[in-house]
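Q: kindly generate the corresponding structure for this input.
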Amino acid sequence: MERQRRNLRLASLCMSMKTLSSILTSPALMLLLAGGCTSAYKHVLIVHGILSGPETLCFAFMLPETLQAHPGTKVTVIDLFNDRDSTKPLWLQVQGFGKVIQRITRKSPEGVHLLCFSQGGPICRGVLSVLPNHNVHTFIALSSPLAGQYGAPKYYKYIPSPARGSVHLFCYNRIAQNQVSVCNYWNDPHQQFRYLKHNNYLPLLNGEKVHSRTAVWRNNFLRIRKLVLIGGPDDEIITPWQSSQFGFYNSQEAIIDMRQQTFYTQDSFGLKTLDARGDIIECIQSGVKHSEWQSNLRVFNRCIRKWLD
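A: Here you go, the predicted structure:
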């Protein structure tokens, strides 16, 4: 009975948060919030993953343990591109999430933290690259396909191909790139020519395809103070799981870790610079499935809590 009452209280809190986050685009409300009570802890913004929304992440970060760890912390799970809408192209999502994040950061001169789960990681990379003068202090990527995705059966019902070796035929063209989010970070290690030619998202963020804004995006991304990379070998969805740490397959499907990747050695978007500053934190946790990261207290205590100052 007590557990049921606790869940009802949490559900009420989650509904309140969803309502709040859904109207955060109101300038009047932003002014009201700016003049309200403050906390010693920075505002935490959360971007959900694919086929998800605020309710999925709300229970995780509104748990009493989390509130006790950092009392008074303002948490916003951004209420955009939920559920099936999360499969829309990433540049569209970057535009939407970016507008909300920009409005919040302008009212948070002390800075904010950005926690992004699963597909939210590539989205937040895009936001941090294109958003000038942001004041995101810590970017926490929670089990995210940062270096791309090559696998995961869960996605196949949204991509009309049963074999991962054939997905490039669907994804690497203009139509799919402008319609399906997964295609924007689908990275086939056996089809790198087609990946670089047709993928209009991840290679641009990585600096693998140089463009007129490459240097500007790099400088924007380097405004963050800490990059926290969280993932683990039992995830079962992010493939390879090392993508959550910027590792990925080579053409023989052997794992090349972050520091051996060309985008790191060439420092094309600032990863090597962050590392040289001592500002990359890698947190690998075993025994955690993909759906469990956002509700695992061990992950919170070992990988997240310290960085939500």
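Q: can you map out the strands along the protein?
A: Applying DSSP state E to the chain gives strands spanning 43-47, 75-77, 112-117, 136-142, 226-231, 248-249, 255-256, 280-284.
Q: what's the least confident stretch among these?
A: Ranked by mean pLDDT, the strands of the chain bottom out at strand 75-77, with a mean of 88.
Q: quick one: pLDDT of residue 73?
A: You'll see residue 73 listed with a pLDDT of 84.
Q: repeat that for residue 78.
A: If you check residue 78, the pLDDT there is 94.
Q: could you do the one 3 residues further on as well?
A: Confidence at residue 81, expressed as pLDDT, is 97.
Q: hmm, it is touching residue 95, no?
A: No: the pair residue 81 / residue 95 is not scored as a contact, 10.4 Å apart, by Cβ atoms under 8 Å. Heads up, the C-betas are built off the backbone N, CA and C, glycines and all.
Q: more neighbours: which of the two?
A: Higher neighbour count among residue 81 and residue 95: residue 81, with 24 against 13, using other Cβ atoms under 10 Å.
Q: got any ranges where the stretch 151-300 of the chain has weak pLDDT?
A: Within the stretch 151-300 of the chain, the segments meeting pLDDT under 70 span 152-162.
Q: all helices for it, in order.
A: If you assign secondary structure with DSSP state H, counting those that start in this stretch, the helices in the stretch 151-300 of the chain sit at 167-171, 174-177, 181-185, 192-198, 202-206, 214-221, 262-265, 271-276, 297-299.
Q: which stretch among those comes nearest residue 109?
A: Shortest separation from residue 109 across the helices of the stretch 151-300 of the chain is recorded for helix 214-221, at 18.2 Å, computed as Cβ to Cβ.
Q: so what does the closest one touch, helix or strand wise?
A: Judged by 3 or more Cβ pairs under 8 Å, 6 or more residues apart in numbering; DSSP states H and E, helix 214-221 is in contact with helix 120-130.
Q: for the helix it packs on, name the packing helices and strands.
A: Helix 120-130 packs on strand 43-47, helix 90-106, strand 112-117, strand 136-142, helix 202-206, helix 214-221, going by 3+ Cβ pairs under 8 Å, 6+ apart.
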